[in-house]
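Visitor: Sequence and predicted structure below; questions after.
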Amino acid sequence: MDEWEEEGTTITSTTTLTTTSEGRQEGSWNTANGESGRGRGGRGRGGGFKSSFSSDGDNWNSTAGEGGFRGRGGRGRGRGFSRTDRSEFNEDDNQVCENGGGSRGGRGGRGGFRSGGDQGCRGGFGGGYRGKDEEVFSQREDKENKDATDGERPRVTYIPPTLPEDEDSIFAHYETGINFDKYDDILVDVSGANPPQAIMTFDEAGLCESLRKTVSKSGYVKPTPVQKHGIPIISAGRDLMACAQTGSGKTAAFLLPILQQLMADGVAASSFSELQEPEAVIVAPTRELINQIYLEARKFAFGTCVRPVVVYGGVSTGHQIREISRGCNVLCGTPGRLLDVIGRGKVGLSKVRYFVLDEADRMLDMGFEPDMRRLVGSPGMPSKENRQTLMFSATYPEDIQRMAADFLKTDYLFLAVGVVGGACSDVEQTFVQVTKFSKREQLLDLLKTTGMERTMVFVETKRQADFIATYLCQEKVPTTSIHGDREQREREQALADFRSGKCPVLVATSVAARGLDIPDVQHVVNFDLPNNIDEYVHRIGRTGRCGNTGRAVSFFDPDSDDQLARSLVTILSKAQQEVPSWLEDSAFSGPGSMGVAPRKTFASSDSRKVAGLTFMGFFCCSSLHIQTVVEFILTSQRQILYFYTFHYILTAIAIVTFRIPIFHTHCDQ
Ligand SMILES: Nc1ncnc2c1ncn2[C@@H]1O[C@H](COP(=O)(O)OP(=O)(O)OP(=O)(O)O)[C@@H](O)[C@H]1O
């Protein structure tokens, strides 16, 4: 629960971890805490950790920097939020972190963050927990840019390395796994009026020659279920809310039909216009994910006149605007930066035909919903009746589904491949009961058995991510980390090192939970379990992708993870996996376990059906009871009349209360 998941959390701690890291060219990974960050209002004191990895040989040198973490930067100005932090830092015997007592600085707008990156960024930011989402970052960055203009703050100057242009790099892909063909056995449900026929092969998708070539060069032989159904739905011009398990090809399911249509219509990028007007806008919650989507779009559009462009925070806005001005048909972006470039008048929305929300449930939850509304309400953006809106995710809480309908035409189709919100069945899930003090040793033991296999370790907080990464480095496990307080250059370097295998262990916060498609991730470890079951599903979905198998090991601390037990049992059973008896005990023995659904928002299917079913159930019961009541009124049997009235009210309450579980049983065959 770091970057994203603060809903319902009591916020009490906003410590700044002032950490910067420099990736040295000879392969060293060096993280040093910023010298006393003295941003405005920030009192970041030195210390920090320092770890370096010398790639020549197995030489991992990590020193928990003199003084360890000493992030005292939490006192800043600006709006911040406090939170209850489940970090182990404060309790740990070997604590190397002095983090201001864990409950300070709820107003953490501007603390001390100072970086000496090779891009010359010297950003003063921080001052507390901002994490929540990309937008918060973007706003901050925009603020930084504005401040820079005022001569107060430096600009974000990072420009990502130029992408390789050779076909081998562009079309590099990993192989589908042994379970790829089993995708065909998954039950698919399309709800809504007049869905078009699914396709069985890419030939039936009616792709133009150039797309056929790029699809084939990408190693795609046959479509996955979400592609079989999604492609014809999008090609037929329908709005779509699609749900399919992690790693099952949702990206191509929306990119291919969009690109196909743009190519068929002869859309071509032009650098002559001052105002660029993309035909498609794609949004995703994190920088790395949107960049990945962009790379996929660029791959499929290779050799054609359709030009995708990506914009996201942490990168020089000027650079991105220059990229846009070279021609932009498909604009991929994180919400904050998108709104920024639109606000600067560099992008017009009047030609938008496709509006895509990847990780749609995340894009519509509390963190991003206002931005999504701002985006669809931006000047020139066609109304929902005049554009196609497409939503994709592996999870769709029911409340989010209901809200999503605001963005979709009323006759949208809902596509469910398998159990909505279900975990990928190719991931073997195991749980280890732990205490919070034993986690680190358990992690180390685990990593010793997995050796150099690629492993993502999810932790709850940014500080925890740095701390665990440092710890593993000290223990000579080549590790890097990714989280929202690292600079973009560092985040990209971390991913690159993980991808290449230079650092086979990546410690991550939730910022890396969704969408990232990294080859050969064999393991996911939930060092800290998230507080939300959907988050769990996304995290473990970083392995077991595209028909490959994977393993997820989760540390379950009964003291803090009990509230997740019931949802975990549900997830395990739905994925036909063994449920440890202790987990079952924990799930069904705790307070509030008497017949109450684990989570009301865990949707099983199209919320329209659920609503329909509830109404039908209520209506049937009502009719029956009304009939009975009338009969008894006529026969004047008062007690029985009271009994039935009472019973009628109870039934109504029960139906409304248990409507989700009722529907679960109905559709999870
Ligand atoms: N038809 C296909 N044949 C072979 N590989 C495919 C096919 N479709 C997608 N892939 C590959 O499968 C991997 C996973 O796809 P993708 O990232 O789109 O999954 P996803 O469903 O969006 O996952 P997530 O829910 O985690 O975001 C990618 O490497 C992609 O290139």
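Guide: That came through fine. Numbers count the residues shown, from 1 in each chain.

Visitor: burial count for residue 271?
Guide: 12 (other C-beta atoms under 10 Å). All C-beta spots, glycine's among them, are computed from the backbone N, C-alpha and C.

Visitor: quick one: average confidence on stretch 576-591?
Guide: In this model, stretch 576-591 has an average pLDDT of 89.

Visitor: nope, stretch 176-184 is what I was after
Guide: Mean predicted lDDT for stretch 176-184 stands at 94.

Visitor: Do me a favour and get the end-to-end distance for that stretch?
Guide: Distance between the boundary residues of stretch 176-184 (C-alpha to C-alpha, to the nearest Å) amounts to 14 Å.

Visitor: Could you check stretch 297-315 against the ligand for contacts?
Guide: No - Stretch 297-315 stays clear of the ligand (C-beta under 6 Å from any ligand atom), getting no nearer than 8.6 Å.

Visitor: Format the CA atom coordinates belonging to that stretch as CSV.
Guide: Output of stretch 297-315 as CSV, limited to C-alpha atoms (Å, rounded to 0.1, in the frame of the first residue of the first chain):
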residue,chain,number,x,y,z
ALA,A,297,1.9,0.6,-30.5
ARG,A,298,5.2,1.6,-32.1
LYS,A,299,6.0,-2.0,-32.9
PHE,A,300,2.7,-2.8,-34.5
ALA,A,301,2.7,0.5,-36.4
PHE,A,302,6.3,0.0,-37.6
GLY,A,303,6.8,0.8,-41.3
THR,A,304,3.4,2.7,-41.5
CYS,A,305,2.4,6.3,-41.5
VAL,A,306,0.7,6.1,-38.2
ARG,A,307,2.8,7.6,-35.5
PRO,A,308,2.3,6.9,-31.8
VAL,A,309,3.8,9.3,-29.2
VAL,A,310,4.2,8.9,-25.4
VAL,A,311,4.0,11.5,-22.7
TYR,A,312,4.6,10.9,-19.0
GLY,A,313,5.9,12.6,-15.9
GLY,A,314,9.5,12.7,-14.9
VAL,A,315,10.7,13.5,-18.4
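
Visitor: for that stretch, which positions count as buried?
Guide: For stretch 297-315, the neighbour count (16 or more other C-beta atoms under 10 Å) marks 297-302, 304, 306-315 as buried.

Visitor: next one: stretch 340-353
Guide: 340, 341, 342, 346, 347, 348, 349, 352, 353.

Visitor: Filter these down to the ones in helices?
Guide: Mapping the buried residues of stretch 340-353 onto helices (DSSP state H) picks out 340, 341, 342.

Visitor: so can I have a markdown table of those showing distance to the ligand and pLDDT?
Guide: Listed next are these as a markdown table, based on distance: C-beta to the nearest ligand atom, whole Å; pLDDT from 0 to 100:
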| residue | distance to the ligand | pLDDT |
| --- | --- | --- |
| 340 | 25 | 96 |
| 341 | 24 | 96 |
| 342 | 25 | 97 |
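
Visitor: re the thing from before, redo the buried residues of stretch 340-353 as TSV? Include distance to residue 165.
Guide: Formatted as TSV, the buried residues of stretch 340-353 follow (distance: C-beta to C-beta, whole Å):
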residue	distance to residue 165
340	28
341	24
342	29
346	25
347	25
348	29
349	30
352	28
353	28
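
Visitor: which one of the residues you listed is nearest residue 407?
Guide: Taking C-beta to C-beta as the measure, residue 407 lies nearest residue 352 of those, at 13.0 Å.

Visitor: List the residues that contact the closest one.
Guide: 277, 278, 279, 280, 281, 381, 382, 387 (C-beta atoms under 8 Å, 6 or more residues apart in numbering).

Visitor: Which of those sits closest to residue 461?
Guide: Distance to residue 461 across the contacts of residue 352 (C-beta to C-beta) is lowest for residue 281, with 32.4 Å.

Visitor: which residues does that closest one contact?
Guide: So residue 281 contacts 330, 331, 333, 338, 349, 352, 354, 355, 356, 375 (C-beta under 8 Å, 6+ apart).

Visitor: how near is it to the ligand?
Guide: 18 Å (C-beta to the nearest ligand atom, to the nearest Å).

Visitor: What number of neighbouring residues does residue 191 come out with?
Guide: 17.

Visitor: Which pLDDT does the model give it?
Guide: Per-residue confidence (pLDDT) for residue 191: 95.

Visitor: cool, and residue 271?
Guide: In this prediction residue 271 is given a pLDDT of 86.

Visitor: Is residue 304 in contact with residue 266, as I believe?
Guide: No - in this structure, residue 304 is not within contact of residue 266 by C-beta atoms under 8 Å, at 10.6 Å.

Visitor: Can you classify residue 441 as helix, strand or coil?
Guide: Secondary structure, DSSP: H, G, I helix; E, B strand; the rest coil: residue 441 is helix.

Visitor: how many other residues sit next to it?
Guide: Neighbourhood size, residue 441 [other C-beta under 10 Å]: 11.

Visitor: One more: residue 208?
Guide: By other C-beta under 10 Å, 13 other residues sit near residue 208.

Visitor: Which residues are in contact with it?
Guide: Residue 208 neighbours (C-beta under 8 Å, 6+ apart): 260, 263, 264.

Visitor: Same question for residue 491.
Guide: So residue 491 contacts 287, 288, 314, 482 (C-beta under 8 Å, 6+ apart).

Visitor: which one of the residues you listed is nearest residue 589?
Guide: Ranked by distance to residue 589 (C-beta to C-beta), these are led by residue 482 at 37.0 Å.

Visitor: contacting residues for that closest one?
Guide: 288, 465, 491, 494, 495, 506, 507, 508, 509, 511, 512.

Visitor: and the second one, backbone torsions?
Guide: Here the main-chain torsion angles of residue 465 (degrees, to the nearest 10) amount to phi -60, psi -50.
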